[in-house]
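Colleague: Sequence first, predicted coordinates after that:
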Amino acid sequence: MMRTVTVLFTSLILATTGAPAQQTFVPRPLSAFARKKAEGYLADRYACLGCHQLNGEGGRIGPDLTDVGRRRPPSYIYAMIRDPQTTRPGTVMPRQLMPPDRVDLLASYLAGASAPGSASGPLFLPDRDPPALTAEPTNGAGLYAKYCASCHGASGNGDGYNAEFLPVPPTRHADSSAMSLRPDDTLFDGIHAGGYILGKSHRMPAFGQIFSSAQIRSLVAHIRTLCRCEQPVWARR
């Protein structure tokens, strides 16, 4: 009986808020060193600024992080870093693997960040209404349109609306001369683990925590249709 009540209560929360209840998170005060460390992770290690702005730098896919601490409660910020797909179902933001203490550090930093000259005190206003939940795309073309086209372009020409805000131009998947040199396994690894693992731009996020292997393979197959090319002969053996 208790399990049934719990399930019903959780379902009610999801139905009314679009996200599960957040666990309490209390930001910790950060030293100047810790703040610099957090800024370094955001700028040079994780993919956050590929989609979000921070102090005028970064992408335009997601909300501006500069004063997110005034717009969102700390527990929400923490939950979005830790598990965005559960916190906000339907979001394109993938989960990034990082140690718990790093989640705590980044959440504490962002919860305390605010735009220069902004009024003090929390506002906790929503960035925008949550998008209506729709069925997840099941094929490579649909996944590409939802998760990749904003940077790589709908046709793979590297001309998505977010491309101009990235320090490294997105890969042109339609470029057959370049893509014919890349094995399918390399494309798979880049989608699964992100650009950082390949020594490429760390602002290309990792999708391995939200895509199945079959979904990633379908994306690789779609990229091959964009470039109208195959992987190198040696990789096909």
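Modeller: Cool, the structure landed.

Colleague: And residue 106, how close does it get to residue 157?
Modeller: When Cβ to Cβ, to the nearest Å is the yardstick, residue 106 and residue 157 sit 33 Å from each other. The C-beta positions use only the backbone N, C-alpha and C, and glycine is treated the same way.

Colleague: which of these two has more neighbours?
Modeller: Neighbour totals were compared for residue 106 and residue 157, and residue 106 leads with 24 against 15 (other Cβ atoms under 10 Å).

Colleague: Quick check, the more buried one in contact with residue 37.
Modeller: No. Counting by Cβ atoms under 8 Å, residue 106 stays clear of residue 37, with 9.7 Å between them.

Colleague: for the most centrally placed residue in the chain, helix, strand, or coil?
Modeller: Taking Cα atoms, centre = their mean, the centroid of the chain lies closest to residue 93, which sits 3.3 Å from it. Classification of residue 93 by DSSP: H, G, I helix; E, B strand; the rest coil places it in coil.

Colleague: quick one, domains of the chain?
Modeller: Using automatic domain parsing, the domain parsing of the chain gives 34-124, 140-236.

Colleague: and the ones you listed, which one's lowest on average pLDDT?
Modeller: Mean pLDDT values for those show the minimum at domain 34-124, a mean of 88.

Colleague: what separates that domain from the chain centre, distance-wise?
Modeller: 11 Å (Cα atoms, centre = their mean, to the nearest Å).

Colleague: rewinding a little: distance of the closest residue to the residue nearest to the centre of the chain other than its chain neighbours from residue 24?
Modeller: Taking Cβ to Cβ, 6 or more residues apart in numbering as the measure, residue 93 lies nearest to residue 84, with 4.2 Å between them; neighbours along the chain are not counted. Spatial separation of residue 84 from residue 24 under the definition Cβ to Cβ is 18 Å.

Colleague: ok, the two, which is more surrounded?
Modeller: Here residue 84 and residue 24 are compared on neighbour count by other Cβ under 10 Å; more neighbours surround residue 84, at 20 against 9.

Colleague: In contact with the more buried one: list those residues for me.
Modeller: 91, 93, 94, 95 (Cβ atoms under 8 Å, 6 or more residues apart in numbering).
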